[in-house]
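In: Just need the structure, nothing else, for what follows:
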Amino acid sequence: MTAASRVLICGTNWLGDSVMSMPAVRAFLKASPGASVTILARAPVAGLWRLFPGLAGVEVLEPGLGGTVSAGWKLRGRFDECRVFPNSFRSALIPCVAGIPERRGFVGHWRSALLTHVVSADLPPDAHQSLEYARLMDVPDGALMPPPYIEPDADAGAWAGDRLCDDGACWVAVLPGAARGPSKQWPASHFAQVVRRLSGEAGCRVVLLGGHGDRDACARVLTESGGSALDLAGRTTIPQLAAVLSRCRCAVTNDSGGMHLAAAAGTRVVAVYGLTDPRRTGPLGAGHRVIARDDVPHARDIAARSAWAEKVLASIEPAAVFEAAQAVMGAE
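Out: Numbers count the residues shown, from 1 in each chain. Predicted structure coming up:
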């Protein structure tokens, strides 16, 4: 790569994975000040990357085969190299159609012929997922990477300020959803117990957050906790969600994209883990707390519905999570 390279990054499809790739992108930008870096991302996460400082631009990948072909032709002649974060065939086909001379990615899904450089992801099984992206971005093994970081824009900040009135209240975000499904969701009834104690004993104000798919979980938490929380589930864009999170002293979450977004927004996280391994997907940065069973073996791939995973999550007591939230806010 030359100092003035035009670099395209085919970004990941999920919110959490996108945040976990940010330290590698930040490290790359710092080591290559002359490079011009553009992210290609699906619409649901493109708004996230627009909050990431230092990029030359964000291109939106439209869905389906038509979106793949359209992106390939639209990007022709604009880049010298491409780093392909996802492992899908489609993600490697796009820079190939675009004629980008250097195309780096991991092996898999019969796509090696589409790449000019196949990168090894031979890392320890408990290595954090962010290190995989570091390999693709030429970050040396063992190098210290900055934590993920985003800057909520002014419009989103004003929107968040209108809803979280600036009256000196201590706001805590609670995100009871997880895109993966019940195998990563602590019971809503447990979240409700934590919300009651945060509102009562700790004197905090609670905002319930999540996407459209999390509205039912948030509604249940709101009802079972007595209805005192502010429910914004499904009512925010990603920039607005980030802005709300940045105004909270703490975020209580599952292992989810919202957890990673909170960390990137500078909010300390208390995350409840079941069978997934926090060493691989834990929140990045300082001051976070993970609550998990230490007597249960971790699993790398978990079905969206797993009775065992749900049982492990349900066995984690609300008192432990509430105490961790108090400790996190006290440490701040």
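In: would you list every one of the strands in the stretch 101-250 of the chain?
Out: Using DSSP state E, counting those that start in this stretch, the strands of the stretch 101-250 of the chain run over 102-106, 117-119, 171-175, 205-208, 230-231, 250-254.
In: any chance of these in TSV, with mean neighbour count and mean pLDDT too?
Out: Every residue, glycine included, has its C-beta placed from N, CA and C. Formatted as TSV, these follow (neighbours: other C-beta atoms under 10 Å; pLDDT from 0 to 100):
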stretch	mean neighbour count	mean pLDDT
strand 102-106	21	95
strand 117-119	14	93
strand 171-175	27	98
strand 205-208	23	97
strand 230-231	18	97
strand 250-254	29	98
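In: Show the pLDDT at residue 332.
Out: pLDDT for residue 332: 58.
In: start the count at 9, not 1, going forward
Out: Happy to do that; since the first residue is 9 now, the last one works out to residue 340.
In: which residue lies farthest from the center of the chain?
Out: residue 85 (31.0 Å; C-alpha atoms, centre = their mean).
In: which ones are touching residue 26?
Out: 19, 20, 49, 53, 56, 57, 265 (C-beta atoms under 8 Å, 6 or more residues apart in numbering).
In: any idea which of those is closest to residue 235?
Out: residue 265 (26.6 Å; C-beta to C-beta).
In: For the stretch 109-258 of the chain, which segments count as helices?
Out: 138-144, 162-171, 196-208, 223-232, 246-254 (DSSP state H, counting those that start in this stretch).
In: any idea which of these is most buried?
Out: Greatest average neighbour count among the helices of the stretch 109-258 of the chain goes to helix 246-254 (a mean of 25), per mean count of other C-beta atoms under 10 Å.
In: Skipping adjacent residues, who's closest to residue 125 in space?
Out: residue 112 (4.4 Å; C-beta to C-beta, 6 or more residues apart in numbering).
In: ok so, going back, put together JSON lines for the helices of the stretch 109-258 of the chain, with distance to residue 130 and mean pLDDT on each row.
Out: JSON lines is the format used below for the helices of the stretch 109-258 of the chain (distance: least, C-beta to C-beta, whole Å; pLDDT from 0 to 100):
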{"stretch": "helix 138-144", "distance to residue 130": "9", "mean pLDDT": "95"}
{"stretch": "helix 162-171", "distance to residue 130": "40", "mean pLDDT": "95"}
{"stretch": "helix 196-208", "distance to residue 130": "38", "mean pLDDT": "97"}
{"stretch": "helix 223-232", "distance to residue 130": "38", "mean pLDDT": "97"}
{"stretch": "helix 246-254", "distance to residue 130": "33", "mean pLDDT": "97"}
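In: Throw these into CSV and include distance to residue 71, thanks.
Out: Formatted as CSV, those follow (distance: least, C-beta to C-beta, whole Å):
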stretch, distance to residue 71
helix 138-144, 23
helix 162-171, 25
helix 196-208, 31
helix 223-232, 23
helix 246-254, 18
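In: Compare those helices and give me the one nearest residue 292.
Out: helix 138-144 (6.2 Å).
In: so what does that closest one touch, helix or strand wise?
Out: helix 23-39, strand 110-114 (3 or more C-beta pairs under 8 Å, 6 or more residues apart in numbering; DSSP states H and E).
In: Okay, now the sheet partners of the shortest one, with direction.
Out: When you say that, I think you mean strand 110-114. strand 89-92 (parallel), strand 125-127 (parallel) (DSSP bridges).
In: tell me which residues in whichever strand in the chain runs longest are buried?
Out: When the chain is parsed with DSSP state E, its longest strand is strand 44-50. For strand 44-50, burial by neighbour count (16 or more other C-beta atoms under 10 Å) applies to 44, 45, 46, 47, 48, 49, 50.
In: Which strand residues bridge the closest residue to the second one other than its chain neighbours?
Out: In space, not counting the residues next to it along the chain, residue 45 is nearest to residue 15; the distance is 4.8 Å by C-beta to C-beta, 6+ apart. Beta bridges link residue 15 to residue 45, residue 89 when assigned by DSSP bridges.
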